[in-house]
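Asker: Sharing a model that was predicted from the sequence below.
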Amino acid sequence: MEYIDNILFFVALVVGFGLFFKSLKEIYRNIQLGREIDRNDQKPRRWETMARVALGQSKMTKRPIAGILHVIVYVGFVIINIELLEIIIDGIFGTHRFLAGIMGNSFYSAFTATLEILAILVIIAVVIFFIRRNFYGVRRLTMKELFGWPKNDANWILIIEFALMMAFFTMNSSDWLLQQRSAYAAHGSFPVSSSFFAPLLANFSDSTLMFLERGAWWFHFIGILFFMNYLYYSKHLHILLAFPNTWYAKLGPLGRFNNLDSVTKEIKLMMDPNADPYAAPPEEDANAVPEKFGASDIFDLHKVQLLNAYSCTECGRCTAVCPANITGKKLSPRKIMMDTRDRIEEVGKNINKNGKFVEDGKKLLDDHIQREEIWACTTCNACVEACPVLIDPLSIIVELRRFLVMEQSAAPQELNLMMTNVENNAAPWQYNQADRLNWANDN
């Protein structure tokens, strides 16, 4: 019975991390449903982009107040969880503040003091975020696509972070009081706990303080495991996926559209005077299915676009700068990413249930994203520029448009008229080519 705590701890650790890696494996499988795309060029620049944007949070600070608060939460929460390493060692081997013996008391005191300062800053930041999200009325945080689970999810994350930090201070303040009473060996420095939280517990007995210290220690550990597994269901999956997402981000000009290989081949064939348009295709291509133009479902998008959907933070900075949304159109770039992720998850559940994807009669286009939304886009690229983790909603919108135009001939009347004019008059206006310069002569 002496080692029952260690055994329970080890079982919880294995189960927690096992479920976490199972979720990551499922996310990876779902992303692999997309088409291949080569984004492994310019590796030094990709490392620099990932370090600057994902790790350095460079785009967050363009909105200084929210950005700085986010950096505090991000840095504080990550660094504080370095203590998870100590918790794991203590839990498995039954030690207490193991890192004190490794670091030395002076360095360990500086380490724990830094953790405490960061923890109180995290508490202040999450309280401000909670008030701002629920009572301040920021437009991008009160839009209809956030009603229900997305809003509740954001609030639950803030509550979990607050609870974990309070458990951290309860653990440290109880520990500090026990150290003062010589019940525990003196390790670490706790400026916040000793000044603000310990006085609230000063009248408690040693046994009560030990219960509080152990209870908070277990709560902190179980809370971290719970948070880690909750990420799969939460928009805060970007904590992990922001790094690969920024690595695979588009490095070329953001407004440049890609050419379809199948169309490029046809154009080159048309322009080659020596080409034989009636030549039989190579044997290996004889039974190939013609490449689909554009996208109607997630299988037609490439893997980075699916990674983008999982990496979306739902912050709404893209929608806040979208001129179509600002003028009352139905388009919201944030909703495009949320709908794409919902469809990926829908397909993933289908695969989990059937062992493979079984046609469900649904598509990303029409069943999740409406045509009115994608045709409202001005392709100005503001959403891509605004995203703090380099997500590209425009690329998905363009692929959905391509499908409608090139596969279904379902462009809006105004666009069909323009394309007809380009075909007949070599210009988008309905004037005869011979009359195109008359307006210049009149001036």
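Answerer: Perfect, thanks for sending it. Numbers count the residues shown, from 1 in each chain.
Asker: Skipping its backbone neighbours, what lies nearest Arg139 in space?
Answerer: Residue nearest to Arg139 in three dimensions, not counting chain neighbours: Ala320, with 7.0 Å by CB to CB, 6 or more residues apart in numbering. Quick note: C-beta positions are derived from backbone N, CA and C, even for glycine.
Asker: mind listing what Ala154 touches?
Answerer: Neighbouring residues of Ala154 by CB atoms under 8 Å, 6 or more residues apart in numbering: Arg133, Leu146, Lys235, Glu314.
Asker: Please, where are all the helices along the stretch 201-350 of the chain?
Answerer: Secondary structure of the stretch 201-350 of the chain (DSSP state H, counting those that start in this stretch): helices located at 206-230, 238-247, 261-271, 303-311, 317-320, 323-326, 333-354.
Asker: Quickly, which of those helices bottoms out on average pLDDT?
Answerer: Of all the helices of the stretch 201-350 of the chain, mean pLDDT reaches its minimum on helix 261-271 (a mean of 78).
Asker: quick revisit: pull the most distant pair out of the contacts of Ala154.
Answerer: For the contacts of Ala154, the farthest-apart pair by CB to CB is Arg133 and Lys235; their separation is 12.4 Å.
Asker: more neighbours, those two?
Answerer: Neighbour comparison, Arg133 and Lys235: the larger count goes to Lys235, with 21 against 17 (by other CB atoms under 10 Å).
Asker: Just list the residues touching that one, thanks.
Answerer: By CB under 8 Å, 6+ apart, Lys235 lies in contact with Pro150, Asp153, Ala154, Cys312, Thr313, Glu314.
Asker: Can you give me the distance of the residue most central in space within the chain to Ala100?
Answerer: Central residue of the chain (CA atoms, centre = their mean): Ser311, 2.2 Å from the mean position. To Ala100, Ser311 is 38 Å away according to CB to CB, to the nearest Å.
Asker: Please apply the same query to Leu400.
Answerer: Counting by CB to CB, the gap from Leu400 to Ala100 is 57 Å.
Asker: Of the two, which one has the most company?
Answerer: Between Leu400 and Ala100, counted using other CB under 10 Å, Leu400 has the larger neighbour count: 28 against 20.
Asker: hang on, that one is in a helix, isn't it?
Answerer: Yes: per DSSP: H, G, I helix; E, B strand; the rest coil, Leu400 lies within a helix segment.
Asker: how about low-confidence regions in the stretch 301-443 of the chain?
Answerer: Across the stretch 301-443 of the chain, the ranges flagged by pLDDT under 70 are 439-443.
Asker: give me that answer again for 90
Answerer: Where the stretch 301-443 of the chain drops to pLDDT under 90, the residues are 315, 406-443.
Asker: Show the average pLDDT along stretch 19-31.
Answerer: On average, stretch 19-31 scores 95.
Asker: swap that for stretch 174-191, sorry
Answerer: Mean pLDDT, stretch 174-191: 88.
Asker: Compute the distance from the centre of it to the centre of its chain.
Answerer: When distances are taken as CA atoms, centre = their mean, to the nearest Å, stretch 174-191 is centred 40 Å away from the chain's centroid.
Asker: Let the chain start at 20 from now.
Answerer: In the new numbering, first residue 20, that becomes stretch 193-210.
Asker: Could you list the buried residues of it?
Answerer: By 16 or more other CB atoms under 10 Å, the buried positions in stretch 193-210 come out as Ser193, Asp194, Trp195, Leu196, Leu197, Gln198, Tyr203, His206, Gly207, Ser208, Phe209.
Asker: Identify the residues contacting Phe117.
Answerer: Counting by CB under 8 Å, 6+ apart, Phe117 touches Glu105, Ile108, Asp109.
Asker: With pLDDT and neighbour count as new columns, can the residues you listed be given to me in a markdown table?
Answerer: Below are the contacts of Phe117 laid out as a markdown table (pLDDT from 0 to 100; neighbours: other CB atoms under 10 Å):
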| residue | pLDDT | neighbour count |
| --- | --- | --- |
| Glu105 | 86 | 20 |
| Ile108 | 88 | 15 |
| Asp109 | 88 | 19 |
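Asker: so what's the backbone phi/psi at Leu137?
Answerer: Note on Leu137: backbone dihedrals following degrees, to the nearest 10 are phi -60, psi -40.
Asker: Okay, Cys396 and Val403: tell me how far apart.
Answerer: Taking CB to CB as the measure, Cys396 falls 11 Å from Val403.
Asker: Mind listing the shared neighbours of the two?
Answerer: The contact lists of Cys396 and Val403 share Leu413, where a contact means CB under 8 Å, 6+ apart.
Asker: sorry, back to before: among the contacts of Phe117, name the ones in helices.
Answerer: Among the contacts of Phe117, the members found in helices (DSSP state H) are Glu105, Ile108, Asp109.
Asker: Now do the same contact list for the first one.
Answerer: Put plainly, it is Glu105. Counting by CB under 8 Å, 6+ apart, Glu105 touches Arg116, Phe117, Leu118.
Asker: if I read this right, the first one contacts Asp109, doesn't it?
Answerer: If I follow you right, that is Arg116. Yes: using CB atoms under 8 Å, Arg116 is in contact with Asp109, at 7.1 Å.
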